[in-house]
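> with the input below, show me the fold.
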Amino acid sequence: MTKADIIAQIADETGLERLEVQKTVEAFMTVVKKNMADGNDVFLRGFGSFIVKKRAEKTGRLIKAQKSIIIPAHNIPAFKPAKVFLEEVRNKVVVK
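Model (predicted):
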């Protein structure tokens, strides 16, 4: 499912104009990205949490160059689904 599909489905279910829905969805994504970039987690009760995970510094290998490199500590975005969300997906997804 793409962002356009999400916008179309929300517009169909709510009766709102697609342009309004698009602005709302994009504003939501902007707010989540901005807060996570500032180091804040975003919690949506019953849906899940967008969290910032901290990765420690580690040693990596450049195979072709045959040498080790230091990968500095960094942050990555992650999503942790709520228990309700997780259970619903587990109970409804059918393996094809």
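> show me where the protein has strands.
Assigned by DSSP state E, the chain shows strands spanning 42-44, 48-55, 58-62, 67-71, 74-81.
> next, format those strands as TSV and append mean pLDDT and distance to residue 23.
To be clear about C-beta, it is placed using only N, CA and C from the backbone, and glycine gets the same treatment. Listed next are these as TSV, based on pLDDT from 0 to 100; distance: least, CB to CB, whole Å:
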stretch	mean pLDDT	distance to residue 23
strand 42-44	97	19
strand 48-55	96	20
strand 58-62	92	41
strand 67-71	93	38
strand 74-81	96	23
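> tell me which of these lies nearest to residue 5.
Closest approach to residue 5 among the strands of the chain (CB to CB): strand 74-81, 18.6 Å.
> from residue 52, how far off is the residue nearest to the spatial centre of the chain?
The residue lying closest to the centre of the chain (CA atoms, centre = their mean) is residue 79, at 5.1 Å. Between residue 79 and residue 52 the computed distance is 11 Å (CB to CB, to the nearest Å).
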